[in-house]
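K.L.:
Just to be clear, the model below is a prediction. Sequence and coordinates:
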Amino acid sequence: MSGEWWRGAAIYQVYLRSFADGNGDGIGDLAGLRDKLPYLAELGIDAIWLNPWYPSPMADGGYDVADYRAIDPVFGTLAEAEDYIAEAHALNIRTIVDIVPNHGSDHQDWFRQALQAGPGSPERDRFLFRPGKNDGPPNDWQSIFNGPAWTQVADGEWYLHLFAPEQPDFNWRNPEVVEEFHDILRFWLDRSVDGIRIDSAAVLFKDLDSTAESYTDHDDVHEVYRGWRRISDQYDDRFFVGEMWMPDQERFALYLRPDELHTAFNFDFLSRPWDAAELRASIDLTLSTHAPIGAPPTWVLSNHDVTRPVTKYGRADTSFSHQDRKHGMPTDLARGERRARAAALLAMALPGGLYVYQGEELGLPEVEDLPDEVLQDPIFRRSKGTDRGRDGCRVPLPWSGSEPPFGFGDGTPWLPQPRDWKNLTVEAQLDDQNSMLTLYRHGLKLRRELLGDGSLTWLPSAPDVLVFEREQLICVTNLSGEAADLPPYEEVLISSIPLDGGRLPSDATVWLR
């Protein structure tokens, strides 16, 4: 692809710690990723989005960044990262890196300087330090990760952290912060990365004098991204994708104006239940939001923060919210796998960009029985165990063999893998024509050949059945409880499960031509 390649790209999310371990220490790394690049090329993806690979104390899985211009030694070196980018390019795979602008790490040099400099100093003004009130914090804001959003330091002042205490928020009204991130962007764009994923993109500005928790979607944030866009426009074929959990689609669309971000994650689609009316409403809302501003939509079924689709779709009752993990709920994994297969082909058929989280292509379920002592997500600790956090979707991938570590590496994986994953390894699925991996490989190949960006036209359908036409195919998804009739067709291109006497079974998707 060339030009605005991201408009119809299939992008694979790599959570590096859990992808492949090249040096045997139990943690995924660049050596492991480089070794698996041919696998990803065969899968049919166009780009890789890497979760943060920077030096970090790992208080929040790497989203507490200590140095934005280096690679954590557990993953490799900056030279290895540059080699990886070049090797991926040689296979026509682009690279997207994760930038975390809302907060840094309490191990970052800037924050250590701020603690030493004291109240009222220029060093402290890079963050959000405030005096307390009535022997307590400046206000009663709560962290997104549970518990107070303020932590007191030795001299009595408090600093804001919307997430964990180890993640102090930057002060985006300070010009030094603005210029620092401009320089970080140039650092990575100069190293030939093709895109930037922006973490927590809508929460940079805070109104600390408000009685309400006022930190999402302030108008000031748009000037930040206009400045970023001016930088990216100085390079060829680079793009931004923003992470924004925002229900207001009109406000969401403001971030995608021609002088701001190129794309943003479509979490509305991810959050909808397995229901025809809900999914059609989300598709229509997404397309109508993006069309007037000329931005391509994106389609996301999961990521490193949410319950895996096989488990999600196997539950009878869930809100599908990214914070609604509900571990221990009754789950029908057979139904979940069937619906996840159908959802995958539905998402692949939609116009715009597609994101695939590592392990989706293997049909991995959420691991909900991890022992307390191995959990690392700060949500578990800060919720006092009421929320077991996101580790269940971050368990290292199974590659081969019949027992752990399933070819992940020679060492003991940093999170334990279920023993029954032996049937879900890449090795076990590669030659199985009915496997989830084969479905993804075939579907992504057809998508690259026939689809991408563009538009769709809805066709008449029975209740609880979605039927739409793209340039070269008709997609039918049956969300009813019984087999559905199909429109006239000449050829079945791909089906999530075999047809039943020329009809589409329940919880299935087919592409027709």
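P.N.:
Right, received. Where do you want to start?

K.L.:
Would you mind giving both backbone torsions of the nearest residue in space to residue 211 that is not next to it in sequence?
P.N.:
Nearest residue to residue 211 in three dimensions, chain neighbours excluded: residue 139, at 7.6 Å (Cβ to Cβ, 6 or more residues apart in numbering). Glycine gets a C-beta too; all of them are placed from N, C-alpha and C. Main-chain torsions, residue 139, degrees, to the nearest 10: phi -150, psi -180.

K.L.:
Would you agree residue 139 is in contact with residue 208?
P.N.:
Yes - if you go by Cβ atoms under 8 Å, residue 139 and residue 208 touch, sitting 6.6 Å apart.

K.L.:
Would you mind telling me which of these two has more residues around it?
P.N.:
Neighbour tally, residue 139 and residue 208, criterion other Cβ atoms under 10 Å: the higher count belongs to residue 139, 20 against 12.

K.L.:
Start from the N-terminal end of the stretch 51-200 of the chain and give the helices.
P.N.:
Using DSSP state H, counting those that start in this stretch, the helices of the stretch 51-200 of the chain run over 78-90, 109-117, 175-189.

K.L.:
buried set for the second one?
P.N.:
It refers to helix 109-117. Going by neighbour count (16 or more other Cβ atoms under 10 Å), the buried part of helix 109-117 is 110-111, 114-115.

K.L.:
Widest-spaced pair of the residues you listed?
P.N.:
Between any two of those, the greatest separation by Cβ to Cβ is 10.1 Å, found for 110 and 115.

K.L.:
Can you give me the neighbour number for residue 412?
P.N.:
With neighbours defined by other Cβ under 10 Å, the count for residue 412 comes to 14.

K.L.:
List the beta-bridge partners for residue 356.
P.N.:
Beta bridges link residue 356 to residue 12, judged by DSSP bridges.

K.L.:
In contact with residue 309, which residues?
P.N.:
Contacts for residue 309 (Cβ atoms under 8 Å, 6 or more residues apart in numbering) come out as 301-302, 336, 339-340, 343-344, 360.

K.L.:
Rebuild the residues you listed as a markdown table, extending it with neighbour count.
P.N.:
Listed next are the contacts of residue 309 as a markdown table, based on neighbours: other Cβ atoms under 10 Å:
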| residue | neighbour count |
| --- | --- |
| 301 | 21 |
| 302 | 26 |
| 336 | 23 |
| 339 | 24 |
| 340 | 28 |
| 343 | 26 |
| 344 | 24 |
| 360 | 24 |
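
K.L.:
So which of those residues are in helices?
P.N.:
336, 339-340, 343-344 (DSSP state H).

K.L.:
Against residue 306, how distant is residue 421?
P.N.:
20 Å (Cβ to Cβ, to the nearest Å).

K.L.:
Kindly report the same for residue 275.
P.N.:
The gap separating residue 275 from residue 306 is 18 Å, by Cβ to Cβ.

K.L.:
circling back: tell me the one of the contacts of residue 309 nearest residue 77?
P.N.:
Once Cβ to Cβ is applied, the member of the contacts of residue 309 that ends up nearest residue 77 is residue 360, at 29.5 Å.

K.L.:
which residues touch the closest residue to that closest one other than its chain neighbours?
P.N.:
The shortest distance from residue 360 to any non-neighbouring residue, by Cβ to Cβ, 6+ apart, is to residue 302 (6.0 Å). By Cβ under 8 Å, 6+ apart, the contact set of residue 302 is 270, 308-309, 312, 357, 360, 393.

K.L.:
mind checking pLDDT for residue 452?
P.N.:
Here the pLDDT value assigned to residue 452 is 73.

K.L.:
ok, it - how many residues close by?
P.N.:
21.

K.L.:
do you know how far the nearest residue to it once chain neighbours are set aside is from residue 302?
P.N.:
Among residues not flanking residue 452 along the chain, residue 8 sits closest, at 2.5 Å (Cβ to Cβ, 6+ apart). Residue 8 is 20 Å from residue 302, where distance means Cβ to Cβ.

K.L.:
got it, and residue 386?
P.N.:
From residue 386 across to residue 302, the span is 23 Å (Cβ to Cβ).

K.L.:
now residue 146
P.N.:
Relative to residue 302, and taking Cβ to Cβ, residue 146 is found at 22 Å.

K.L.:
pLDDT score assigned to the residue sitting furthest away from the middle of the chain?
P.N.:
Distance from the centre of the chain peaks at residue 134, with 40.4 Å (Cα atoms, centre = their mean). You'll see residue 134 listed with a pLDDT of 93.

K.L.:
circling back to that earlier point, what's the closest of the contacts of residue 309 to residue 212?
P.N.:
Of all the contacts of residue 309, residue 212 sits closest to residue 302, with 31.1 Å by Cβ to Cβ.

K.L.:
can you give me phi and psi for the closest one?
P.N.:
Dihedral pair for residue 302: phi -160, psi 170, per degrees, to the nearest 10.

K.L.:
can you check residue 394 too?
P.N.:
phi -110, psi 10.

K.L.:
OK, contacts around it?
P.N.:
By Cβ under 8 Å, 6+ apart, the neighbours of residue 394 are 15, 17-18, 61, 304, 415.

K.L.:
residues contacting residue 461?
P.N.:
Contacts of residue 461 by Cβ under 8 Å, 6+ apart are 467, 476.

K.L.:
Ramachandran coordinates for it?
P.N.:
Dihedral angles for residue 461 - degrees, to the nearest 10 - are phi -150, psi 160.

K.L.:
The closest residue to residue 332 other than its chain neighbours: neighbour count?
P.N.:
Nearest residue to residue 332 in three dimensions, chain neighbours excluded: residue 314, at 4.6 Å (Cβ to Cβ, 6+ apart). Using other Cβ under 10 Å, residue 314 is surrounded by 25 other residues.

K.L.:
Against residue 471, how distant is the spatially most central residue of the chain?
P.N.:
Taking Cα atoms, centre = their mean as the criterion, residue 303 is the residue nearest the geometric centre of the chain, at 3.9 Å. Distance, residue 303 to residue 471, by Cβ to Cβ: 28 Å.

K.L.:
residue ranges for the helices of the stretch 301-450 of the chain, please.
P.N.:
For the stretch 301-450 of the chain, the helices defined by DSSP H, counting those that start in this stretch occupy 309-312, 333-349, 378-382, 426-430, 436-450.

K.L.:
Of those helices, which shows the lowest average pLDDT?
P.N.:
With a mean of 91, helix 378-382 has the lowest mean pLDDT of the helices of the stretch 301-450 of the chain.

K.L.:
With distance to residue 156 added, can I get the helices of the stretch 301-450 of the chain in TSV?
P.N.:
Putting those into TSV (distance: least, Cβ to Cβ, whole Å) gives the following:
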stretch	distance to residue 156
helix 309-312	45
helix 333-349	51
helix 378-382	23
helix 426-430	55
helix 436-450	55
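
K.L.:
Does residue 251 touch residue 217 like I think?
P.N.:
Yes - with contact defined as Cβ under 8 Å, residue 251 reaches residue 217; the gap is 5.6 Å.

K.L.:
Look at the two and report which has more neighbours.
P.N.:
residue 217 (19 against 14).

K.L.:
Quick check: which ranges of the protein have low pLDDT?
P.N.:
Along the chain, the parts satisfying pLDDT under 70 run over 1-2, 317-328.

K.L.:
Mind doing that once more with 80?
P.N.:
Within the chain, the segments meeting pLDDT under 80 span 1-2, 211, 317-329, 452.

K.L.:
ok, residue 275 and residue 306, which is more surrounded?
P.N.:
Legend: neighbour count by other Cβ under 10 Å for residue 275 and residue 306, higher for residue 306 (23 against 11).

K.L.:
quick one, phi/psi of that one?
P.N.:
Dihedral angles of residue 306 (phi, psi; degrees, to the nearest 10) stand at phi -130, psi 160.

K.L.:
For it, give its distance to residue 355.
P.N.:
On the measure of Cβ to Cβ, residue 306 and residue 355 end up 12 Å apart.

K.L.:
Please apply the same query to residue 157.
P.N.:
Taken as Cβ to Cβ, the span from residue 157 to residue 355 is 40 Å.
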